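In: Provided below for reference: sequence and predicted model.
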Amino acid sequence: MPIDILMPALSPTMTEGNLAKWLKKEGDAIRAGDVLCEIETDKATMEVEAVDEGILEAILVPGGTQAVKVNAPIARLRAEGDTGKGAAPAAAPRAVAAPATAAGPAAVAPAPAAPRSGSRIIASPLARRLAAAAGLDLTGVAGSGPRGRIIKHDVTEALARGPVARAAAAAPAAAAPVAAAAPAAAPPVRSPAGGDDTRAWSDKVGLKYRLQANSGMRKVIARRLTEAKQTIPHFYLSIEVALDAVLKIRADLNARSDAYKLSVNDFVIRAVALALRKVPAANAAWTDENILLYDQVDLSVAVATPAGLITPIIKAADAKGLAVISAEMKDLAARARDGKLKPEEFQGGTFTISNLGMFGIREFSAIINPPQACILAVGAGEQRPVVRDGALAIATAMTCTLSIDHRVVDGAVGAAFLAAFKKLLEDPLTMLL
Amino acid sequence: MADTQFELIVVGGGPGGYVAAIRAAQLGMKTALIEREHLGGICLNWGCIPTKALLRSAEIFRHLQHLDAYGLAADNPRVDLAKVVKRSRGVASQLSGGVKHLLKKNKVTVVDGHARLEGAGRLRVGDTLYTARHIILATGARARSLPGLMPDGKLIWTYKEAMVPAGLPKSLLVVGSGAIGIEFASFYNALGVTVTIAEVLDRVLPVEDEEISALARKSFEKQGMRILTGAKVGPLKAGADSVTTTLEAGGKSEALTVDRVILALGIVGNVEDIGLETTRVKVEKTHILTDEWCRTDEPGLYAIGDVAGAPWLAHKASHEGVICVEKIAGVPGVHPLDLRSIPGCTYSQPQIASVGLSEAKAKAKGYQVRVGRFPFIGNGKAIALGEPEGLVKTVFDAATGELLGAHMIGAEVTEMIQGYTVARTLETTEAELMHTVFPHPTLSEMMHESVLAAYGRAIHI
């Protein structure tokens, strides 16, 4: 009897994904554990393994198909010895094995996909119909009805705010933050000519362009950062941090062993983690009822990849030494670039660090990575003239800018965090305490 | 010494006030309620409830006169008016006692007396000064009178005298054909009184859908009432045991002498003698001006129910009371009252019930409408009950499928309108209503059929 292989859910919020490519052909013999195909989600590419043995009878969804719904049959497996062509009645659906990243040591086993209320949009029938008629995506609309239900009023408000706001009306904080360095975020497309869309407008004025399909990751970046910038009251605090002491101690430490090679960024991560322990109010998130003060310091660190930004997490960073942080960061960054991060490796995090120093950026302001309350934008270390003891001198310094959700963190708290961070970096021996 | 400092004080113990007080107490506020007369207010003592008791007697009496059609017989059914009135008063006092108990149970302090504001946050009752951070005015309303149309309490009645008649008049003029006028007309007509209704507007029950108004008029006339619309009533001259006046309608003028007159000219808000002049509250046409959260122009002072304006309905008052209190308490997710989703009911024979926009109002607002109609004659349960007259009408926005309004006339429609009200509140479209299974055999099946009819899909017509 044939077995349907279903599109797996790779994360709790996943509702659809792209079937990147098949690694098996129709007619191939399949053993349990064989990698059948690769699935691309918002953030990562995953390999799908077979749980059952048999012959791959039919590929129902070809490689390269976008937006395949979770739980949709993607292929059919025929048990060996079962000649069954045509004779087989309805195939028994069978979930595929838990997807494992290629680099992952062992396959973890999240439950097979099931409908989840977390991803279901709660909206009144009338609101749904109005939104559909207007082409409005309800995922971006905040519901004001009971338990956040989207009602007619919310849709008409969203529509009244116009096309720009429309895509970005407040959404409840989702589970998976994405990276959020401001310069990398695509600016929202302005509706140029009286509501015409940008493409029609570009055609009209004769601008030439190539089309590049929005990847799942690109869509998530667009949606969540637009939401963040438009719904979170951002404010910014900048501070200059002298790096001479860090550079010296880094050189010292790196000279002692080849087992590690510490970067300035590793020191920044450790300093942020320790500063958050000193000022825990900055390690927080907003909800309408309460501010969540996180117990754990999990640092999301923005990593640029060819597909876009992603923020792998150094978990419990305050409890980790520089060498561990450095090694973890290297591994996470490498796998992020290959699109092989596991969902739990980039979902979560309580505070984000975005460092564009290596690109020579002096200073910048980042967009908050919701639902977190703060993101630290780290600029390049460079020699700057400073006044020391009444005389000009040269020091190596960098500028760091903290973007803050003012609902959660006030200016004085943000300043206290930055002061603690600066003190740790300028006197790096205190990081041993 | 009794406690005089509260977090919230409600002035007026009607359906707005006592509900507000109980909700406030539920939310943990130290709450007092000041009432000058009866807990339960007009609604419970002199309005909604006792009239329903009277109309129930009228309904049973009407059935007794048609027993033969049901294969039954009873000799000489007659009315014992004193007992009818006594039952009605008994119902009112039972419920008023119930409200007292509910307030006690919720630990609301009840103060008997007439409260006057002395500036923001201060209320004087006799010699005692009460203070509260929040004061809700729920003082209600009373019958309106006009020059030449003044009640005298003997021959020219308001609802209050009409509810406790000592004897049945032979003839009665009802001035005004809103819900109150029509209910009394229906009651007295059923008991054999010759009833004339004079309405200044061009139709009876002017707030209802025009089609429903027309059907109601036809039915009332069939039952023997005389109805004059576009009618001007001249000055009422009270004699020894009758009232004389002139009626002008349709270009003709006639003299009319009746035993009694009931004035049902609408209401005016109770805004006098409560110390409003010591506050920044604004009053317009006897009603206190408020915003969507029932706030007046004086911070900390709120107004709900009849005194805060139309529609003058007990359930509107209660709901405003809850919204007002929850907003004060900071309960998340409170929504302002949607006036279009407040149902209205008239308990005449036949009953009339509606919610939302009439067909004409929907069109006037620019909606392209789809209208569904289903008559009682097409419904099995209606036939079995012997109630084949009536209509269920629905008005949809053709563009979105929003249920804009529903209008019903016939047996038990006051108990059915809630289905459409829930549908409106949940923002269902025609699709969900069509998908809903209505039990057979019930009158409610007509609600389904009316929706189907709006989309050309009715089965039983």
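Out: Good, I have the coordinates.
In: Tell me the strands beside the helix or strand hosting residue B:227, with direction?
Out: For residue B:227, the host element (DSSP states H and E) is strand B:226-228. When sheet partners are counted by DSSP bridges, strand B:226-228 sits next to strand B:194-198 (parallel).
In: just checking, what packs against the helix or strand just after the strand holding residue B:227?
Out: Sequence order places strand B:232-233 as the next helix or strand after strand B:226-228, per DSSP H and E. Judged by 3 or more CB pairs under 8 Å, 6 or more residues apart in numbering or on different chains; DSSP states H and E, the packing partners of strand B:232-233 are strand B:243-249. Bear in mind the C-beta positions are built from the backbone N, C-alpha and C, glycine included.
In: Could you pull out the buried residues of the strand it packs on?
Out: Using 16 or more other CB atoms under 10 Å in any protein chain shown as the test for burial, strand B:243-249 gives B:243, B:245, B:247, B:249.
In: What are the boundaries of the helices in the chain?
Out: As the question left the chain open, I've gone with chain A. Using DSSP state H, the helices found in chain A span residues A:125-134, A:152-160, A:162-166, A:198-205, A:216-231, A:244-256, A:264-278, A:322-337, A:343-346, A:411-426.
In: hm, I was asking about chain B
Out: Taking DSSP H as the test, the helices found in chain B are B:17-26, B:41-46, B:48-64, B:81-105, B:159-162, B:179-190, B:210-222, B:314-329, B:359-364, B:380-385, B:413-425, B:430-435, B:445-454.
In: rank those helices by pLDDT, which is bottom?
Out: Per-stretch mean pLDDT for the helices of chain B is lowest at helix B:41-46 (a mean of 91).
In: Dump that helix to CSV, restricted to CA.
Out: C-alpha atoms of helix B:41-46 as CSV (Å, rounded to 0.1, in the frame of the first residue of the first chain):
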residue,chain,number,x,y,z
GLY,B,41,-35.7,52.0,38.3
ILE,B,42,-38.5,52.7,35.8
CYS,B,43,-37.7,49.5,33.8
LEU,B,44,-38.3,47.2,36.6
ASN,B,45,-41.0,49.1,38.5
TRP,B,46,-42.9,51.2,36.0
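In: In the chain, spot the strand with the most residues.
Out: If you meant another chain, say so; for now it's chain A. In chain A, with assignment by DSSP state E, the single longest strand is strand A:391-405.
In: wrong one, chain B
Out: Longest strand of chain B, by residue count under DSSP E: strand B:128-137.
In: Could I get the buried residue list for that strand?
Out: Burial within strand B:128-137, assessed by neighbour count using 16+ other CB under 10 Å, is assigned to B:130, B:132-137.
In: just how off-centre is that strand within its chain?
Out: Centroid separation between strand B:128-137 and its chain, computed with CA atoms, centre = their mean, to the nearest Å, is 29 Å.
In: which residues touch that strand?
Out: Strand B:128-137 is touched from outside by B:2, B:4-12, B:17, B:20, B:29, B:32, B:34, B:111, B:115, B:117-118, B:121-124, B:274, B:288, B:294, B:296, B:300-304, B:307-308, B:321, B:324-325, B:328, with contacts defined as CB atoms under 8 Å, 6 or more residues apart in numbering or on different chains.
In: quick check: mean pLDDT across it?
Out: Strand B:128-137 shows an average pLDDT of 97 in the prediction.
In: circling back to that earlier point, how about the helices of chain B, which one is nearest residue A:401?
Out: When the helices of chain B are compared by CB to CB, helix B:314-329 sits nearest residue A:401, at 39.6 Å.
In: quick one: is that closest one near chain A?
Out: No - counting by CB under 8 Å from any CB of the partner chain, chain A is not contacted by helix B:314-329; separation bottoms out at 12.7 Å.
In: what angle separates that helix from helix B:17-26?
Out: Between the axes of helix B:314-329 and helix B:17-26, defined by axes from the mean of the first three to the mean of the last three CA atoms, to 10 degrees, the angle is 30 degrees.
In: What helices and strands are in contact with helix B:314-329?
Out: The contact analysis (3+ CB pairs under 8 Å, 6+ apart) places helix B:314-329 against strand B:5-11, helix B:17-26, strand B:128-137.
In: Just the C-alphas of it, formatted as PDB.
Out: Coordinates of each C-alpha in helix B:314-329 appear next as PDB, following Å, rounded to 0.1, in the frame of the first residue of the first chain:
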ATOM      1  CA  ALA B 314     -32.800  49.300  29.400                       C
ATOM      2  CA  HIS B 315     -30.300  47.000  27.800                       C
ATOM      3  CA  LYS B 316     -28.500  49.900  26.300                       C
ATOM      4  CA  ALA B 317     -28.200  51.500  29.800                       C
ATOM      5  CA  SER B 318     -26.900  48.200  31.300                       C
ATOM      6  CA  HIS B 319     -24.300  47.800  28.600                       C
ATOM      7  CA  GLU B 320     -23.200  51.400  28.900                       C
ATOM      8  CA  GLY B 321     -22.800  50.800  32.600                       C
ATOM      9  CA  VAL B 322     -20.500  47.900  32.100                       C
ATOM     10  CA  ILE B 323     -18.500  49.600  29.400                       C
ATOM     11  CA  CYS B 324     -18.100  52.700  31.500                       C
ATOM     12  CA  VAL B 325     -17.000  50.800  34.600                       C
ATOM     13  CA  GLU B 326     -14.600  48.500  32.700                       C
ATOM     14  CA  LYS B 327     -13.000  51.500  31.100                       C
ATOM     15  CA  ILE B 328     -12.600  53.200  34.500                       C
ATOM     16  CA  ALA B 329     -11.000  50.000  35.900                       C
END
